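1. I need the structure of the sequence given here:
(2 chains)
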Number of protein chains: 2
Amino acid sequence: MSVIENAYYSAANHGEFTLGDIGDLMLEDSATLRGCHLAYQDASPHNVVGPYARARFPRVCIGDDVVAQERLLREVLGIEEIALVIGASMGAQQAYEWAVRFPDRVRRAAPIAGTARTFEHDRIWVQTLVDTMRCDAAYADGWYRQSSDMSAALRRHAGLIALHFLSNDFWTACRWRTLGFSSSEDFIIGFLEAAFQPMDAGDLLSQAWKWQHADVSRHAGGKLAAALATITAKTFVMPISSDQVFPPEDCAADQALIPGSELRVIEDVYGHVSLFGVNPSFNEQLDAALTDLWAAI
Amino acid sequence: MSVIENAYYSAANHGEFTLGDIGDLMLEDSATLRGCHLAYQDASPHNVVGPYARARFPRVCIGDDVVAQERLLREVLGIEEIALVIGASMGAQQAYEWAVRFPDRVRRAAPIAGTARTFEHDRIWVQTLVDTMRCDAAYADGWYRQSSDMSAALRRHAGLIALHFLSNDFWTACRWRTLGFSSSEDFIIGFLEAAFQPMDAGDLLSQAWKWQHADVSRHAGGKLAAALATITAKTFVMPISSDQVFPPEDCAADQALIPGSELRVIEDVYGHVSLFGVNPSFNEQLDAALTDLWAAI
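-> Down below sits the predicted model:
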């Protein structure tokens, strides 16, 4: 099986990273990623060879991510206690997984704009992304020849991001102006399409499956309250005020179930896209909250 | 050119309707619908024959709808003064068109869950519907053989409706239960797919174009405030509290520009789907507002 050459997933684009060898990784969904290497920042279906390449890439869940990360920290870097687990969006789902799975080793947790279990509205949202990839004639059941064959699908994907990652207020108030764009179409093409067009559809679909199945409650027989009650890390739950993807009310519902936790809503106008840090005040609020979290214990 | 046989668009399904002959209708976008018949409730690309059939169906806008309706009322039914123009969703956009276009003949207007001009977020939303139709291999540039060839596209269309016509709260609170469904999937299949699956993709695309281009401001050189200031009808603007498609804040922005108008928000939990009247209190609130509107002048 061939790999897809895709310059997006390179050190030149993402900065230098180190690959840590964590050996074979048995996945929750039963397959095994053999000879798994974990990049210290990122990893994906498009660059795997062998029987599990491309469309046959196994279903990897948030739990598998965290098992791989923990093994890298312990076996490669020699780190066992974690002072702070922080992550945004699906990274927040990893942070929840860390806090629930290793309660005696995680001292602080900061899930930003993400939930402990994917809510139904989010599952429906992600399905629209999956649908727009899979329906493309070029997709060929996942065996398209190169990432750019899925260019039209990735453009539709960016259109769905325009709908849901940004708020109604963003479009009505023409907030793309303050980001240096000359029209809403200029923003969609110059920012959103620019962000998603270089990616690989198979990688995005793999990520979509992972997103739809994020759920720490599986550690407590499906009971979310019981799972979150086991968290001992000092936790700040940080939704973004205008986020439709992981709405503040859903994040607050998680937070209410975590002992000793606090809800710190980050006020911003760019919806889920606020995570790009386009607004200076986003980073200021984040820094202030993390400083408080650091000092809290 | 053949027409598409589609039982959805029949008197058996929509109830009996009368076809009024309003002659040739010259459209704003320059084509002419020849020998136009207007059904007293509904009309569409799938049932036109000749050079403008199917994929070549001309672009019809809200203004054309209203010109046709006005001609039907005046020429066929002999009605010139309108006591109340009422419409929901794109029907509300028709109501705005009536009130701006014929200020001396419309006494009251009740636009429900719709705006006078399609806002940018709405245009982006409708584009996701367009994209999911057009990308389908079966679409064949609009020359698919029968409506059911677009079944997969219509299923994706229903998935997008699930995302945006209902609110996050609807899914989180499992409000489909009170509508008699056993799971969210049961609701999506049994209600949303059931609603859209029998329709014709070409008709929906024609409607999508109309939706994206709704704009009464073209009567005042693109100035919305100037256009709405000309309304003399007593107007109640009635958004739905949980509606993401035509959000209350967008409807309120219109209302603020209409002399002597009132904002009457209908409180309901089913988002834009509230319009199906599934909640008894929806109809009660609507009746109360219309009673007040009737008595107001």
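
2. span of stretch A:56-73 from start to end?
-> End-to-end distance for stretch A:56-73: 28 Å, by CA to CA, to the nearest Å.

3. list the buried residues for it?
-> A:57-58, A:60-73 (16 or more other CB atoms under 10 Å in any protein chain shown). For glycine as for every other residue, the C-beta is placed from the backbone atoms N, C-alpha and C.

4. what residues does chain A put near chain B?
-> Within chain A, the positions near chain B by CB under 8 Å from any CB of the partner chain are A:119-121, A:124-125, A:127-128, A:131-132, A:135-137, A:152-153, A:156, A:159-160, A:162-164, A:167-172, A:184, A:188, A:244, A:247, A:249-250, A:253.

5. so who does residue A:105 touch?
-> A:80, A:81, A:82 (CB atoms under 8 Å, 6 or more residues apart in numbering or on different chains).

6. where does the closest residue to the last one other than its chain neighbours fall, phi/psi-wise?
-> Once its chain neighbours are removed from consideration, residue A:82 has its nearest residue in residue A:106; the separation is 4.8 Å (CB to CB, 6 or more residues apart in numbering or on different chains). As for residue A:106, its main-chain torsions (degrees, to the nearest 10) stand at phi -110, psi 120.

7. same question, residue A:245
-> Dihedral angles for residue A:245 - degrees, to the nearest 10 - are phi -80, psi -50.

8. surely it and residue A:167 touch.
-> No: if you go by CB atoms under 8 Å, residue A:245 and residue A:167 don't touch, sitting 10.4 Å apart.

9. joint contacts of these two?
-> Joint contacts of residue A:245 and residue A:167 (CB under 8 Å, 6+ apart) are residue A:271.

10. who wins for neighbours among the contacts of residue A:105?
-> When neighbours are taken as other CB atoms under 10 Å in any protein chain shown, the top entry among the contacts of residue A:105 is residue A:82 (19 neighbours).

11. which secondary structure element contains residue A:236?
-> Assigned by DSSP states H and E, residue A:236 falls within strand A:234-237.

12. dump the helix or strand that that strand is followed by to PDB, restricted to CA.
-> Downstream of strand A:234-237, the first helix or strand assigned by DSSP H and E is helix A:248-255. Extracted in PDB, the C-alpha atoms of helix A:248-255 (Å, rounded to 0.1, in the frame of the first residue of the first chain):
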ATOM      1  CA  PRO A 248     -20.700  27.100  26.900                       C
ATOM      2  CA  GLU A 249     -23.900  25.400  28.300                       C
ATOM      3  CA  ASP A 250     -22.500  22.000  27.400                       C
ATOM      4  CA  CYS A 251     -19.100  22.700  28.900                       C
ATOM      5  CA  ALA A 252     -20.800  24.100  32.000                       C
ATOM      6  CA  ALA A 253     -22.800  20.800  32.400                       C
ATOM      7  CA  ASP A 254     -19.500  18.900  32.400                       C
ATOM      8  CA  GLN A 255     -18.000  21.400  34.900                       C
END
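
13. and the helix ranked longest in chain A, what's buried?
-> Identified as the longest helix of chain A according to DSSP state H is helix A:280-296. Neighbour counts over helix A:280-296 (16+ other CB under 10 Å) mark A:282, A:285, A:286, A:289, A:290, A:293 as buried.

14. now the farthest one out in chain A, which residue is it?
-> Within chain A, the residue lying farthest from the chain centre (CA atoms, centre = their mean) is residue A:182, at 29.4 Å.

15. where's that residue relative to residue B:122, distance?
-> As judged by CB to CB, to the nearest Å, residue A:182 and residue B:122 stand 21 Å apart.

16. and for residue A:87?
-> In terms of CB to CB, residue A:87 sits 33 Å off from residue B:122.

17. who's in contact with residue A:32?
-> A:24, A:25, A:26, A:58.

18. just to revisit the earlier point, and which of the contacts of residue A:105 is nearest chain B?
-> residue A:82 (30.6 Å; CB to the nearest CB).

19. torsion angles phi and psi at that closest one?
-> Dihedral angles (degrees, to the nearest 10) for residue A:82: phi -110, psi 120.

20. these two touch, right, it and residue A:98?
-> Yes: contact criterion CB under 8 Å: residue A:82 and residue A:98 qualify, at 6.9 Å.

21. who touches both of these two?
-> residue A:106.

22. hmm, back to that, per-residue pLDDT of the residue farthest from the centre of chain A, please?
-> At residue A:182, the pLDDT value in this model is 94.

23. may I see the PyMOL selection of the buried members of the contacts of residue A:32?
-> In PyMOL syntax, the buried subset of these is picked out as below (16+ other CB under 10 Å):
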select buried, chain A and resi 25+58
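
24. please enumerate the strands of chain A.
-> Here chain A has its strands, by DSSP state E, at A:19-21, A:25-26, A:32-33, A:37-39, A:85-88, A:108-112, A:234-237, A:262-263.

25. still on that earlier bit, quick one: neighbours of the residue nearest to residue A:82, just the number.
-> Residue A:106 has 22 neighbours, counted by other CB under 10 Å.

26. is it in contact with residue A:233, as I believe?
-> Yes: assessed by CB under 8 Å, residue A:106 is found in contact with residue A:233 at 4.4 Å.

27. overlap of the contact sets of these two?
-> Common neighbours of residue A:106 and residue A:233 are listed as A:85, A:99 (criterion: CB under 8 Å, 6+ apart).

28. can you get me a residue count around the residue lying closest to residue A:119 once chain neighbours are set aside?
-> Closest residue to residue A:119 apart from its sequence neighbours, by CB to CB, 6+ apart: residue A:250 at 5.2 Å. The tally of other residues near residue A:250 (other CB under 10 Å) stands at 23.

29. same thing with the one 3 residues further on?
-> Residue A:253 is surrounded by 18 other residues when neighbours are defined as other CB under 10 Å.

30. again with residue A:37
-> When neighbours are counted by other CB under 10 Å, residue A:37 registers 15.

31. from residue A:67, how far off is the closest residue to it other than its chain neighbours?
-> Closest residue to residue A:37 apart from its sequence neighbours, by CB to CB, 6+ apart: residue A:19 at 4.2 Å. As judged by CB to CB, residue A:19 and residue A:67 stand 17 Å apart.

32. before we move on, back to that, quick one: mean pLDDT for the longest helix of chain A?
-> Here helix A:280-296 scores 97 as its mean pLDDT.

33. with stretch A:33-46 instead?
-> Regarding stretch A:33-46, the rounded mean pLDDT is 72.

34. mind listing what's buried in it?
-> A:33, A:36, A:38, A:39, A:43, A:44, A:45, A:46.

35. show me what contacts residue A:201?
-> Each residue near residue A:201 by CB under 8 Å, 6+ apart is listed here: A:133, A:136, A:139, A:144, A:147, A:150, A:153, A:154.

36. tell me how far the fourth one lies from chain B.
-> Residue A:144 sits 14 Å away from chain B, taking CB to the nearest CB, to the nearest Å as the criterion.

37. tell me the bridge partners for the residue nearest to residue A:37.
-> Counting by DSSP bridges, residue A:19 is bridged to residue A:39.

38. isn't it up against residue A:47?
-> No: Residue A:19 lies out of contact with residue A:47 (CB under 8 Å); the separation is 11.2 Å.

39. which one of the contacts of residue A:201 is nearest chain B?
-> residue A:136 (6.1 Å).

40. ok, the closest residue to residue A:116 other than its chain neighbours - contacts?
-> Leaving aside its sequence neighbours, residue A:116 sits nearest to residue A:96 (CB to CB, 6+ apart; 4.1 Å). Counting by CB under 8 Å, 6+ apart, residue A:96 makes contact with A:109, A:111, A:114, A:115, A:116, A:216, A:228, A:254.
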